[in-house]
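# The sequence isn't on hand, but the structure is:
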């Protein structure tokens, strides 16, 4: 394996899952680093500065949220969190605290690798200066000129619809919580008004999706928020 391979720190206490992740990542050309406890994970993150981090919440020695906050105090490396089913509020808290994405156990290796690739791409784009034009399928968003095209035809959005779409474009591929979107698009006084978000998301889907009831671009993460498809 090349020394230039991107390094990924796995913070996971279960040996079987670590072995599965190690083999899956190495097989795709990544350089896996392993930590069996939260404390060890924080120390290795500080010493080795990995390109990305996979963090399991069910650690024996530390709360996953606290591990995330300790890493986020100095690191911008993308963090993908592994969670159990039915922990929507925990997912929201983690995303608000700086996690880039999450996967619910059990998960497939294909989905894991796709989430990791998307998180690493976002970090690279941010460091290089995000491109003002984003194209996803038939959708083209020019942030510099505030122009939205669907299959080459300009789509006219209201100011709120555009701000909502732009917020998702800037975080494309990443789950954005309802609270984050309400705060960014409407302001702090609207963070407890999720019905605004649902209404305007419906408007956007009717303007941008071929089948609004089966969206291809503007995806719902149930109980958590929304995601703009990245690939």
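Received it, and whenever you're ready, just let me know what you need. All figures in this text were calculated on a predicted structure; none of them were measured in a lab. Residues are numbered from 1 along each chain as shown.

# Centroid-wise, who is the farthest residue in the protein?
When distances are taken from the C-alpha mean of the chain, residue 153 lies farthest, 28.9 Å away, according to Cα atoms, centre = their mean.

# Which residue ranges of the protein form strands?
Secondary structure of the chain by DSSP state E: the strands cover 7-11, 31-35, 52-56, 79-83, 101-104, 133-136, 139-142, 147-150, 153-154, 176-177, 218-221, 225-228.

# can those strands go into a markdown table with extra columns for mean pLDDT and distance to residue 45?
Where you see a C-beta, it was placed from the backbone N, CA and C, and this is true even at glycine. Formatted as a markdown table, the entries for the strands of the chain read as follows, by pLDDT from 0 to 100; distance: least, Cβ to Cβ, whole Å:
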| stretch | mean pLDDT | distance to residue 45 |
| --- | --- | --- |
| strand 7-11 | 96 | 6 |
| strand 31-35 | 96 | 8 |
| strand 52-56 | 94 | 6 |
| strand 79-83 | 91 | 9 |
| strand 101-104 | 88 | 17 |
| strand 133-136 | 87 | 30 |
| strand 139-142 | 92 | 34 |
| strand 147-150 | 94 | 39 |
| strand 153-154 | 95 | 45 |
| strand 176-177 | 90 | 24 |
| strand 218-221 | 94 | 26 |
| strand 225-228 | 94 | 25 |
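
# With distance to residue 208 added, can I get these in JSON lines?
Listed next are the strands of the chain as JSON lines, based on distance: least, Cβ to Cβ, whole Å:
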{"stretch": "strand 7-11", "distance to residue 208": "33"}
{"stretch": "strand 31-35", "distance to residue 208": "38"}
{"stretch": "strand 52-56", "distance to residue 208": "30"}
{"stretch": "strand 79-83", "distance to residue 208": "27"}
{"stretch": "strand 101-104", "distance to residue 208": "22"}
{"stretch": "strand 133-136", "distance to residue 208": "10"}
{"stretch": "strand 139-142", "distance to residue 208": "6"}
{"stretch": "strand 147-150", "distance to residue 208": "6"}
{"stretch": "strand 153-154", "distance to residue 208": "11"}
{"stretch": "strand 176-177", "distance to residue 208": "16"}
{"stretch": "strand 218-221", "distance to residue 208": "7"}
{"stretch": "strand 225-228", "distance to residue 208": "10"}
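
# quick one: which of those is nearest residue 124?
For the strands of the chain, proximity to residue 124 was assessed by Cβ to Cβ; strand 52-56 is nearest, at 10.9 Å.

# strands paired with that closest one, and their directions?
strand 7-11 (parallel), strand 79-83 (parallel) (DSSP bridges).

# Tell me where the model's unsure across this protein.
The chain contains residues with pLDDT under 70 at 1-3, 85-86, 125-131, 231.
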